[in-house]
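*Asks:* this one's sequence-less:
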C-alpha cells in the first residue's frame with residue numbers, strides 16, 4: 001500500500017469529517033485518514049481541531065510540528081496503541097548485551113553498505129564506494145572499532161566535497177536535518193504502534209533522548225536522504241540554508257521511495273514496518289539474523305500495483 005504524506009505549507013484549517021481529513025484553504029481538499037501516514041504542519045497559521053488529533057491517534061498517523069526554523073521539532077504519536085506494550089517494555093529492558101551488540105553490528109553493516117550504494121549512485125569518481133564496502137566487512141559485535149564513525153567521516157566528504165562539515169549552516173545540512181527528522185518520526189510512529197518504548201535503545205542510551213530506539217533503527221535509512229540531497233544540490237552560489245516548500249515536499253516524499261527488503265522491493269514506510277516487526281522478533285529471543293533491514297536501490301518513487 002502507498003500511504004500519503006500530507007505537507008501543509010500555507011494557512012489552513014484542518015478538521016475531521018467522518019473518515020476523512022478536510023484541509024480548508026482557498027479550495028478544500030479531502031483525504032481519507034486510512035490513506036495517511038504522516039502530516040507535516042509547516043505554517044504558523046494552521047489551526048487543527050481536536051477530532052483531527054483524535055483521528056491521528058486512532059489511525060496511527062504521525063503528526064509533525066515545525067519550529068521557527070521550519071525544521072520538524074515535534075511529533076504526535078498514538079498513546080499505547082499496542083495491547084502488549086507492557087510486555088514489550090519488559091523485553092526491551094531484559095535484552096542481554098551480547099545480543100544487543102550483535103544486532104547493532106548488523107545495523108551498522110547495512111548502514112555502511114547503503115552509504116556505499118548512495119556514493120556509487122551519486123556518480124562519485126574513483127570507486128570510493130569500494131572503500132566503504134571494506135569498512136562494512138570490518139564491523140564486529142558492538143562496532144568496537146567504531147567503523148560507523150570512520151565510514152561516515154569518509155563518506156560525507158566524498159558525497160558533498162572535501163570542505164563539507166555537518167555544523168555549517170548551508171542548504172545541504174538543512175535538507176539532511178529535515179529529511180532525517182521525517183524518517184525519525186516515521187520510525188517512532190511504527191515503534192509505538194508495535195508496542196515499543198522509543199526511549200529505550202539497543203545502542204543509543206542517552207537519558208535525555210526520548211527516541212533512542214528510533215535513532216538505532218534509522219541508521220540504514222539515512223543514506224536515502226543523503227542520496228536525494230546530493231542529487232538535488234542547488235546551483236553554485238545558490239546554497240542558502242533556507243529550504244523551499246518544494247524542497248520539503250521532496251524530502252517528505254522519500255517515505256514512498258522504494259527500498260529492497262528481504263521480502264522484496266517496497267516503500268520506505270513499508271520497510272520501516274517490516275524492520276520494526278523484525279525488531280520485535282529480536283526482543284522475543286531470535287538472533288540478530290532475524291533483523292530485516294533495508295538496502296538502498298535508488299530514488300524511484302513506488303508505483304502502486306495496477
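*Replies:* Alright, I've got the coordinates. Quick caveat: nothing in here was measured; it's all calculated off a predicted structure.
*Asks:* what sits against residue 215?
*Replies:* 184, 201, 204, 209 (C-beta atoms under 8 Å, 6 or more residues apart in numbering). For glycine as for every other residue, the C-beta is placed from the backbone atoms N, C-alpha and C.
*Asks:* show me which of the residues you listed are buried.
*Replies:* Using 16 or more other C-beta atoms under 10 Å as the burial test, the contacts of residue 215 include 184, 201, 204 as buried.
*Asks:* need the residues that contact stretch 244-252.
*Replies:* By C-beta under 8 Å, 6+ apart, stretch 244-252 touches 5, 7, 9, 38, 40, 42, 70, 175, 178-179, 182, 225, 228, 232, 243.
*Asks:* need the pLDDT of residue 192.
*Replies:* pLDDT, residue 192: 85.
*Asks:* would you map the strands across the stretch 1-150 of the chain?
*Replies:* Residue ranges of the strands in the stretch 1-150 of the chain, as given by DSSP state E, counting those that start in this stretch, are 4-8, 12-17, 20-24, 29-32, 36-41, 46-48, 62-66, 72-76.
*Asks:* which residues are contacting the last one?
*Replies:* The one in question is strand 72-76. Applying C-beta under 8 Å, 6+ apart, the contact partners of strand 72-76 are 40, 53, 56-57, 62-67, 178, 181-182, 185, 188-189.
*Asks:* now the third one
*Replies:* Counting contacts by C-beta under 8 Å, 6+ apart, the residues outside strand 20-24 that touch it are 6, 8, 12-16, 28-33, 36, 39, 52, 55.
*Asks:* need the max-distance pair from the contacts of strand 72-76.
*Replies:* Using C-beta to C-beta, the two most remote members of the contacts of strand 72-76 are 57 and 178, lying 24.6 Å apart.
*Asks:* more crowded one of those two?
*Replies:* Set side by side, residue 57 and residue 178 show more neighbours around residue 178, with 25 against 14, by other C-beta atoms under 10 Å.
*Asks:* any low-confidence regions in the stretch 51-200 of the chain?
*Replies:* The stretch 51-200 of the chain contains residues with pLDDT under 70 at 79-83, 124-126.
*Asks:* where do the helices sit along it?
*Replies:* 85-94, 97-121, 129-137, 147-160, 171-193 (DSSP state H, counting those that start in this stretch).
*Asks:* dump these to TSV, plus distance to residue 252.
*Replies:* Shown next, in TSV, are the helices of the stretch 51-200 of the chain (distance: least, C-beta to C-beta, whole Å):
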stretch	distance to residue 252
helix 85-94	28
helix 97-121	19
helix 129-137	27
helix 147-160	21
helix 171-193	6
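*Asks:* for residue 280, which of those helices is the nearest?
*Replies:* helix 85-94 (7.3 Å).
*Asks:* which strands and helices sit next to the closest one?
*Replies:* helix 268-283 (3 or more C-beta pairs under 8 Å, 6 or more residues apart in numbering; DSSP states H and E).
*Asks:* surely residue 114 touches residue 271?
*Replies:* No: with contact defined as C-beta atoms under 8 Å, residue 114 and residue 271 do not form a contacting pair (11.6 Å).
*Asks:* who touches both of the two?
*Replies:* residue 294.
*Asks:* return the residues in contact with the spatially most central residue of the chain.
*Replies:* Centroid-nearest residue in the chain: residue 183, 1.8 Å away (criterion: C-alpha atoms, centre = their mean). Residues counted as contacts of residue 183 (C-beta under 8 Å, 6+ apart) are 218, 221, 222, 224, 225, 254, 255, 268.
*Asks:* just send those back as TSV, with neighbour count too.
*Replies:* Output for the contacts of residue 183, formatted as TSV (neighbours: other C-beta atoms under 10 Å):
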residue	neighbour count
218	23
221	27
222	20
224	26
225	24
254	23
255	27
268	24
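*Asks:* nearest to residue 299, of the helices of the stretch 51-200 of the chain?
*Replies:* helix 97-121 (8.0 Å).
*Asks:* report the angle between that closest one and helix 268-283.
*Replies:* 160 degrees (axes from the mean of the first three to the mean of the last three C-alpha atoms, to 10 degrees).
*Asks:* what sits against the closest residue to residue 54 other than its chain neighbours?
*Replies:* Nearest non-adjacent residue to residue 54, counting by C-beta to C-beta, 6 or more residues apart in numbering: residue 16, 7.6 Å away. By C-beta under 8 Å, 6+ apart, the contact set of residue 16 is 22, 33, 49, 51, 52, 54, 55.
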